[in-house]
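# pasting the structure only:
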(Lines give C-alpha, C1' and ligand atoms only; values in the text may rest on other atoms or scores of the structure.)
Protein backbone atom coordinates (compact mmCIF):
# COMPACT_ATOMS: atom_id res chain seq x y z
CA UNK A 1 0.00 0.00 0.00
CA UNK A 2 1.40 3.38 -1.01
CA UNK A 3 0.28 6.92 -0.38
CA UNK A 4 -1.50 9.35 -2.71
CA UNK A 5 -2.31 12.97 -1.88
CA UNK A 6 -4.78 14.72 -4.13
CA UNK A 7 -4.71 18.47 -4.65
CA UNK A 8 -8.20 19.57 -5.66
CA UNK A 9 -8.86 22.88 -7.33
CA UNK A 10 -11.28 23.99 -4.63
CA UNK A 11 -9.57 22.71 -1.50
CA UNK A 12 -5.80 23.04 -1.89
CA UNK A 13 -5.51 26.48 -0.38
CA UNK A 14 -7.84 29.50 -0.32
CA UNK A 15 -5.46 31.48 -2.54
CA UNK A 16 -5.94 29.02 -5.40
CA UNK A 17 -9.70 29.25 -5.67
CA UNK A 18 -9.99 32.99 -6.16
CA UNK A 19 -7.34 32.98 -8.89
CA UNK A 20 -8.74 29.94 -10.66
CA UNK A 21 -12.05 31.75 -11.01
CA UNK A 22 -10.32 34.72 -12.64
CA UNK A 23 -8.34 32.73 -15.25
CA UNK A 24 -9.54 29.14 -15.58
CA UNK A 25 -7.23 28.38 -18.52
CA UNK A 26 -4.20 28.38 -16.21
CA UNK A 27 -5.65 25.89 -13.72
CA UNK A 28 -3.94 22.74 -14.99
CA UNK A 29 -0.53 24.42 -15.23
CA UNK A 30 -0.86 25.87 -11.74
CA UNK A 31 -2.08 22.59 -10.24
CA UNK A 32 0.85 20.79 -11.85
CA UNK A 33 3.25 23.42 -10.48
CA UNK A 34 1.75 23.02 -7.00
CA UNK A 35 2.11 19.23 -7.29
CA UNK A 36 5.76 19.57 -8.30
CA UNK A 37 6.32 21.95 -5.39
CA UNK A 38 4.71 19.41 -3.02
CA UNK A 39 6.92 16.64 -4.41
CA UNK A 40 10.03 18.78 -4.01
CA UNK A 41 9.11 19.87 -0.47
CA UNK A 42 8.46 16.28 0.63
CA UNK A 43 11.80 15.10 -0.79
CA UNK A 44 13.61 17.99 0.91
CA UNK A 45 12.09 17.07 4.27
CA UNK A 46 14.28 13.96 4.43
CA UNK A 47 17.40 16.12 4.77
CA UNK A 48 15.98 19.36 6.15
CA UNK A 49 14.12 19.13 9.49
CA UNK A 50 12.70 22.65 9.01
CA UNK A 51 10.48 21.23 6.24
CA UNK A 52 8.81 18.79 8.65
CA UNK A 53 5.46 19.44 10.29
CA UNK A 54 6.84 18.00 13.54
CA UNK A 55 10.21 16.57 14.60
CA UNK A 56 10.63 12.91 13.69
CA UNK A 57 10.86 10.46 16.56
CA UNK A 58 14.28 8.85 16.92
CA UNK A 59 14.89 5.28 15.84
CA UNK A 60 14.56 2.48 18.40
CA UNK A 61 18.31 2.68 19.11
CA UNK A 62 17.93 6.38 19.97
CA UNK A 63 19.70 7.69 16.86
CA UNK A 64 17.99 10.41 14.80
CA UNK A 65 15.66 9.11 12.11
CA UNK A 66 16.02 10.38 8.56
CA UNK A 67 14.05 7.61 6.76
CA UNK A 68 16.89 7.02 4.33
CA UNK A 69 18.02 3.47 5.07
CA UNK A 70 17.65 2.57 1.38
CA UNK A 71 16.43 5.95 0.00
CA UNK A 72 13.58 4.05 -1.72
CA UNK A 73 10.85 6.07 -0.01
CA UNK A 74 12.44 9.42 -0.86
CA UNK A 75 13.06 8.37 -4.47
CA UNK A 76 9.52 7.04 -4.90
CA UNK A 77 7.79 10.39 -4.29
CA UNK A 78 6.39 11.67 -7.57
CA UNK A 79 3.54 13.45 -9.32
CA UNK A 80 1.02 10.83 -10.47
CA UNK A 81 -1.40 13.06 -12.40
CA UNK A 82 -2.20 16.69 -13.13
CA UNK A 83 -5.46 17.77 -14.77
CA UNK A 84 -7.54 20.94 -14.90
CA UNK A 85 -9.36 19.93 -11.71
CA UNK A 86 -6.78 18.09 -9.59
CA UNK A 87 -3.24 16.84 -9.22
CA UNK A 88 -1.97 13.83 -7.30
CA UNK A 89 1.39 13.36 -5.60
CA UNK A 90 2.50 10.34 -3.66
CA UNK A 91 4.62 7.25 -3.33
CA UNK A 92 4.08 3.67 -4.34
CA UNK A 93 6.40 2.46 -1.58
CA UNK A 94 4.47 -0.10 0.45
CA UNK A 95 5.35 1.60 3.77
CA UNK A 96 4.82 5.23 2.67
CA UNK A 97 1.52 5.63 4.47
CA UNK A 98 2.83 4.01 7.67
CA UNK A 99 5.63 6.57 7.91
CA UNK A 100 3.46 9.57 6.97
CA UNK A 101 0.67 8.76 9.44
CA UNK A 102 2.31 6.33 11.85
CA UNK A 103 1.26 2.75 12.51
CA UNK A 104 0.49 2.29 16.22
CA UNK A 105 -0.19 -1.45 15.86
CA UNK A 106 3.36 -1.85 14.53
CA UNK A 107 4.79 0.60 17.07
CA UNK A 108 5.84 2.94 14.25
CA UNK A 109 5.59 6.66 15.10
CA UNK A 110 4.35 9.28 12.67
CA UNK A 111 7.22 10.74 10.64
CA UNK A 112 5.39 13.02 8.21
CA UNK A 113 7.46 13.91 5.16
CA UNK A 114 4.56 15.51 3.28
CA UNK A 115 3.74 18.97 4.71
CA UNK A 116 0.35 18.01 6.12
CA UNK A 117 -0.72 18.46 9.72
CA UNK A 118 -2.44 15.69 11.67
CA UNK A 119 -5.81 17.22 10.78
CA UNK A 120 -4.98 17.32 7.05
CA UNK A 121 -4.15 21.01 6.69
CA UNK A 122 -1.15 22.34 4.83
CA UNK A 123 1.90 23.12 6.96
CA UNK A 124 2.03 26.94 7.15
CA UNK A 125 5.50 27.38 5.55
CA UNK A 126 4.46 25.21 2.62
CA UNK A 127 1.13 27.01 2.26
CA UNK A 128 3.04 30.31 1.99
CA UNK A 129 5.17 28.78 -0.80
CA UNK A 130 2.02 27.67 -2.63
CA UNK A 131 0.47 31.10 -2.23
CA UNK A 132 3.62 32.74 -3.67
CA UNK A 133 3.68 30.28 -6.56
CA UNK A 134 0.03 31.01 -7.40
CA UNK A 135 0.59 34.75 -7.18
CA UNK A 136 3.53 34.48 -9.58
CA UNK A 137 1.52 32.35 -12.01
CA UNK A 138 -1.32 34.87 -12.08
CA UNK A 139 1.05 37.85 -11.89
CA UNK A 140 -0.57 39.13 -8.70
CA UNK A 141 1.78 40.72 -6.21
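Perfect, thanks for sending it. Quick caveat: nothing in here was measured; it's all calculated off a predicted structure. Numbering: from 1, shown residues only.
# low-confidence stretches in the protein?
The model of the chain has pLDDT under 70 over residues 1-2, 7-25, 140-141.
# would you list every one of the helices in it?
Under the criterion DSSP state H, the chain contains helices at 14-22, 27-44, 72-76, 96-101, 124-137.
# nearest to residue 60, of those?
helix 96-101 (14.4 Å; C-beta to C-beta). Using the backbone N, CA and C atoms, a C-beta is placed for each residue, glycine as well.
# how about the contacts made by the most far-flung residue of the chain relative to its centre?
For the chain, the largest distance from the centre (C-alpha atoms, centre = their mean) belongs to residue 61, which lies 28.2 Å off. Contacts for residue 61 (C-beta atoms under 8 Å, 6 or more residues apart in numbering) come out as none.
# tally of neighbours for residue 59?
Neighbourhood size, residue 59 [other C-beta atoms under 10 Å]: 13.
# which residues touch it?
Contacts of residue 59 by C-beta under 8 Å, 6+ apart are residue 65.
# what's the separation between it and residue 76?
20 Å (C-beta to C-beta, to the nearest Å).
# next: residue 108.
Counting by C-beta to C-beta - residue 108 and residue 76 are separated by 18 Å.
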